[in-house]
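Q: Got a predicted structure plus its sequence, pasted below:
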Amino acid sequence: MLEKQNQKEGHLAFISAIIVILCTCAGVVMNLTTLEDENFDHMGIQTFCMFTVNSNILVAIGMSLVVPYTIDGLRKRYFHLPNWLVTFLLAGTTSVTLTFLVSLFVLAPFKGFVLIFTGSRFFLHAVAPILSFIAFSFFLSDHYVTFSDCILALIPVFIYASVYYILAVKIGPEKGGWNDFYGFNTYLPIYIPMLLILPITFGIACLLRFLHNRSFLRLREVTVKDEFSEDYLKREIADLAKQNAKEDRLHTDIVIPRRFIKFLIENTDNDTTLREACILYLNQFLDNTRF
């Protein structure tokens with residue numbers, strides 16, 4: 001059933017969002033309360049200089065905005081996200097995925113895998129980025145992502161890379177800037193990371209777009225015409241009405257899930273109007289409820 005698929009996606013999106021938010025909060029608080037660390041310079045309030053922290057905060061903000069939509073979707077039987085939030089989540093997920101890849105392939109070989117993936121870094125380098133990647137690819141597949149969305153996903157990385165270049169490379173710690181804590185100008189000629197960072201980021205965004213859109217199309221693809229016929233629509237609405245009637249409490253208002261009925265109509269091959277479908281739902285609900 002489409003309704004069951006939508007509800008399952010809503011539950012998984014809610015769980016993923018909560019875990020990402022909690023992991024980000026735990027990692028940031030641990031960094032803020034660790035004033036000195038012999039392996040890392042930027043602790044305490046300086047933790048906000050790091051792209052790791054900023055990217056995790058960005059995706060956590062997006063996930064915090066997902067939570068009320070999941071609650072509303074579970075209550076109204078139709079989980080739905082607005083287009084702007086999906087684009088925002090793509091930017092945040094792209095950023096934390098870049099964080100994970102840099103941690104895995106750049107930082108860990110130099111500083112050690114145990115050091116990079118333990119403590120607060122376990123949450124910020126691993127758990128939150130990986131779960132965000134999985135959630136956006138498979139649980140938050142509510143809209144079709146375009147190539148223009150992938151270009152917008154470059155903005156956070158572009159802004160941070162520009163700030164990092166100015167403060168760590170052009171100014172430097174001697175003049176009050178940042179030290180090269182990521183080592184992009186220490187271990188490599190600066191033009192190499194400058195040429196690679198945005199193409200790699202765009203590649204990550206495109207990969208997320210591919211996985212997200214595949215989940216989106218799989219949920220909405222009409223593969224068998226008879227299964228998504230007018231009879232199928234009526235069966236779906238009738239089953240939904242019967243289920244809600246069983247869960248209904250006495251003397252409460254009858255709520256017609258218009259958004260989900262509209263979702264059903266848009267994903268079936270028939271000419272049923274929203275009014276007709278809502279009347280069908282109401283009749284089935286009344287036939288199966290108690291007074």
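A: In hand now; what should we look at? Quantities reported herein were computed from a predicted structural model and do not represent experimental measurements.
Q: domains in the protein, as residue ranges please.
A: 2-220, 230-287 (automatic domain parsing).
Q: which of those is buried the deepest?
A: Compared across the domains of the chain, domain 2-220 shows the largest average neighbour count, a mean of 18 (mean count of other C-beta atoms under 10 Å). Bear in mind the C-beta positions are built from the backbone N, C-alpha and C, glycine included.
Q: For stretch 30-45, give me every contacting residue.
A: 47, 49-50, 53, 111, 115, 119-120, 123-124, 179, 181 (C-beta atoms under 8 Å, 6 or more residues apart in numbering).
Q: CSV for those, including distance to Cys206, pLDDT and secondary structure?
A: Shown next, in CSV, are these (distance: C-beta to C-beta, whole Å; pLDDT from 0 to 100; DSSP: H, G, I helix; E, B strand; the rest coil):
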residue, distance to Cys206, pLDDT, secondary structure
Thr47, 30, 90, helix
Cys49, 29, 91, helix
Met50, 26, 92, coil
Val53, 25, 95, helix
Lys111, 29, 84, helix
Leu115, 31, 89, helix
Gly119, 32, 90, coil
Ser120, 30, 91, helix
Phe123, 27, 96, helix
Leu124, 24, 95, helix
Asn179, 33, 86, coil
Phe181, 29, 80, coil
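Q: Quick check: the farthest pair among these?
A: Across these, the longest distance by C-beta to C-beta is 24.1 Å; it joins Phe123 and Asn179.
Q: returning to what we had before: and the domains of the chain, which one's lowest on average pLDDT?
A: When the domains of the chain are ranked by mean pLDDT, domain 230-287 comes last with a mean of 79.
Q: Figure out how far that one is from the centre of its chain.
A: Its chain's C-alpha centre and that of domain 230-287 lie 29 Å apart, by C-alpha atoms, centre = their mean, to the nearest Å.
Q: which residues in the chain form helices?
A: Counting by DSSP state H, one finds helices in the chain at the ranges 2-33, 51-76, 83-102, 108-111, 113-116, 120-121, 128-134, 147-152, 155-164, 191-220, 230-247, 258-266, 274-287.
Q: was I right about Phe147 contacting Arg209?
A: Yes - using C-beta atoms under 8 Å, Phe147 is in contact with Arg209, at 7.5 Å.
Q: returning to that earlier point: can you list the helices of the chain in TSV and add distance to Pro173?
A: Below are the helices of the chain laid out as TSV (distance: least, C-beta to C-beta, whole Å):
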stretch	distance to Pro173
helix 2-33	20
helix 51-76	18
helix 83-102	21
helix 108-111	19
helix 113-116	22
helix 120-121	23
helix 128-134	28
helix 147-152	33
helix 155-164	13
helix 191-220	18
helix 230-247	62
helix 258-266	54
helix 274-287	63
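Q: gap between Leu154 and Ala91?
A: Remark: distance between Leu154 and Ala91 (C-beta to C-beta, to the nearest Å) = 8 Å.
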